[in-house]
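K.L.:
Please find the sequence and the predicted model below.
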Amino acid sequence: SVMAGNMYVEKDLLKQPPYLFQVAGSIKEQRIFRTFIPDCAKRKLPSWMKKNLTGDTHGKPLFDEFGLNIIREKATPVSKFDEIASVFLENRFSAKVMAKVEDKSVCLEFPVNHMNVKRETRQWQVETGPILIPVMGGNGGAFDYLPAFVHFNSFDKMDIFHDYPFGYRSLGLLNKGVLSSVPCNIKLFA
């Protein structure tokens, strides 16, 4: 995520109200997911906010010009503690997660923004996000995306925290927005 700013101005560089955003897209279609950062419990959100409070643009064209600069870098799978510990200080991890969402197979690939290693006990843990998690809809297979945070310290399950932005979705949210021990297949790369 990136904190939104007013582009090419002399002062007031930070947009008000402040929000984080992520862009997901291809050359033909883009989405911006906005997440407002409240500075008080009852901040009034802009009228253009969507019902999911992320300001999803729902696939509407956004840019006159949109280019992708995908840089392919060699990535080595790491699956043992010694492999993880040996490249830990480089801080160049990414993850690939294969999971089922209802009856669909999904593949999530994302950079790892934060990782812990405890050498004395040979333990590691990934804590990263926000990443976009697919959420299945009720109309024959259509889906949407939800910004979420993921934590994992094994290769067969992860916890997902989807109360994001913090506190806005928490009222009545099952398990306080945490999906624990979600079965999946995780591959870690460095």
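P.N.:
Structure's in. What do you need?

K.L.:
what's the closest non-adjacent residue to the residue nearest the centre of the chain?
P.N.:
Centroid-nearest residue in the chain, with Cα atoms, centre = their mean: Ile131, separated by 1.0 Å. Nearest non-adjacent residue to Ile131, counting by Cβ to Cβ, 6 or more residues apart in numbering: Phe110, 4.5 Å away. Quick note: C-beta positions are derived from backbone N, CA and C, even for glycine.

K.L.:
Kindly report the same for Gln123.
P.N.:
That would be Asn153: by Cβ to Cβ, 6+ apart, it lies 6.7 Å from Gln123.

K.L.:
and stretch 153-169, average pLDDT?
P.N.:
Stretch 153-169 carries an average pLDDT of 76.

K.L.:
How about stretch 64-78?
P.N.:
The pLDDT scores in stretch 64-78 average 85.

K.L.:
What of stretch 110-119?
P.N.:
93.

K.L.:
buried ones in that stretch?
P.N.:
112, 115 (16 or more other Cβ atoms under 10 Å).

K.L.:
can you count the residues close to the residue nearest to Gln123?
P.N.:
14 (other Cβ atoms under 10 Å).

K.L.:
who are the neighbours in contact with it?
P.N.:
Contact analysis of Asn153 by Cβ atoms under 8 Å, 6 or more residues apart in numbering lists 123-126.

K.L.:
Would you mind checking those for buried ones?
P.N.:
Buried, going by 16+ other Cβ under 10 Å: 124, 126, out of those.

K.L.:
Let's have the contacts of Asn153 in CSV, adding distance to Met158.
P.N.:
Converted to CSV, the contacts of Asn153 look like this (distance: Cβ to Cβ, whole Å):
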residue, distance to Met158
Gln123, 16
Trp124, 13
Gln125, 11
Val126, 8
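
K.L.:
hang on, the residue nearest to the centre of the chain is in a helix, isn't it?
P.N.:
No - the assignment for Ile131, made by DSSP: H, G, I helix; E, B strand; the rest coil, is strand rather than a helix.

K.L.:
Thanks a lot, catch you later.
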